[in-house]
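Enquirer: Need coordinates for the following:
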Amino acid sequence: MKLFGLSDLHVNHRENQEAIKSLPAHPDDWLILAGDLGERGEQLEWVFSQLVPKWAKVLWVPGNHELYTTPKSPLRGEVKYASLIDICRAYGVLTPEDPWPTWPGDPSLWICPLFLLYDYSFAPDGMDRTAALAWAAADGIVCSDERYLYSDPHPSKESWCADRLEKTRARLASIPADHRTILINHWPLRADLVRLYRIPRFIPWCGTAETEDWHTRYRAEVVVSGHLHMRATDWRDGVRFEEVALGYPRHWSQDKGAPHYLRQIWPAAVEAPESGEGGPDWHR
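Expert: This next block holds a predicted model:
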């Protein structure tokens, strides 16, 4: 039995839809879907209809695209998120709002889907949201989130992020101190793992500095994320970080096929470097 991860399916692209259809059945394994499956509820439903029958268990966390408000998907903020949770539960998909499971055969290893958002703190020191957005815009970078991702009823995405952090800290703190975790979040937990060589000033939309030490504070074996479309394995303090995005069609090779991009999360398929630090080990 194995745990795999994949994210950023973006099934509004035909090539990505065909890729998802081509994934083989893994009836004994679990699958993490780490966000950005699509932008509308019916796209989530389509993904789940394809994948849930093929896996023993599916877990999902939201990305920014699932939370978008558009004319075809007019719900906003927490109401939009709640509608996605309802879809997941209709398909038996585990979410950040459900009790966290432990790994079969190892009750001390918790599988923790998280929804943490971002607060613009992945930016040069001293920048608040306004300064970070101006800094990014000076390089021609404006994330679509500023147009499509609403925080209702919270007054800002930063306050929604703060609320998610507070609730999630309380849940993680309740895990017994001698137990370990696999942490799953769409956005990376550490700024030093955000490598966007062509658009470096996109980083304010990539996470929150509040989670920089969560891999050690909450005794993670693995941290799983997506969002960057830059698949890689990294090591920090002996903890493995896996970025598992498929991405837009230009970000992956159709010749290799979607199964090539499934990342094995658990059991560990690679050993930690002796120093406990390392990476990136890119996965093309």
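Enquirer: Below-threshold pLDDT in the stretch 151-284 of the chain: ranges please.
Expert: Within the stretch 151-284 of the chain, not a single segment meets pLDDT under 70.
Enquirer: Assign the residue most central in space within the chain to helix, strand or coil.
Expert: By C-alpha atoms, centre = their mean, the chain has its centre lying nearest to His186, at 1.7 Å. Look at His186: counting by DSSP: H, G, I helix; E, B strand; the rest coil, its state is coil.
Enquirer: Excluding covalently adjacent residues, which one is nearest to it?
Expert: Residue nearest to His186 in three dimensions, not counting chain neighbours: Gly35, with 3.2 Å by C-beta to C-beta, 6 or more residues apart in numbering. In this view, the C-beta of every residue, glycine as well, is placed from N, C-alpha and C.
Enquirer: Show the contacting residues for that neighbour.
Expert: For Gly35, the contacting residues are Ser7, Asp8, Trp60, Val61, Pro62, Gly63, Asn64, His65, Glu66, His186, Gly226, His227, by C-beta atoms under 8 Å, 6 or more residues apart in numbering.
Enquirer: Which single one of these is nearest to Asp255?
Expert: Nearest to Asp255 among the contacts of Gly35, counting by C-beta to C-beta, is Asp8 at 19.1 Å.
Enquirer: Could you measure from that closest one over to Glu243?
Expert: Here the criterion is C-beta to C-beta, to the nearest Å. By it, Asp8 lies 10 Å from Glu243.
Enquirer: what is in contact with the two at once?
Expert: By C-beta under 8 Å, 6+ apart, Asp8 and Glu243 have these common neighbours: Gly226, His227.
Enquirer: returning to that earlier point: please list only the buried members of the contacts of Gly35.
Expert: Buried members of the contacts of Gly35, counted by 16 or more other C-beta atoms under 10 Å: Ser7, Asp8, Trp60, Val61, Pro62, Gly63, Asn64, His65, Glu66, His186, Gly226, His227.
Enquirer: In a markdown table, list the residues you listed along with distance to Ile20 and secondary structure.
Expert: Conversion of those to a markdown table gives the following (distance: C-beta to C-beta, whole Å; DSSP: H, G, I helix; E, B strand; the rest coil):
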| residue | distance to Ile20 | secondary structure |
| --- | --- | --- |
| Ser7 | 12 | strand |
| Asp8 | 12 | coil |
| Trp60 | 14 | strand |
| Val61 | 17 | coil |
| Pro62 | 18 | coil |
| Gly63 | 16 | coil |
| Asn64 | 20 | coil |
| His65 | 15 | helix |
| Glu66 | 15 | helix |
| His186 | 18 | coil |
| Gly226 | 15 | coil |
| His227 | 18 | coil |
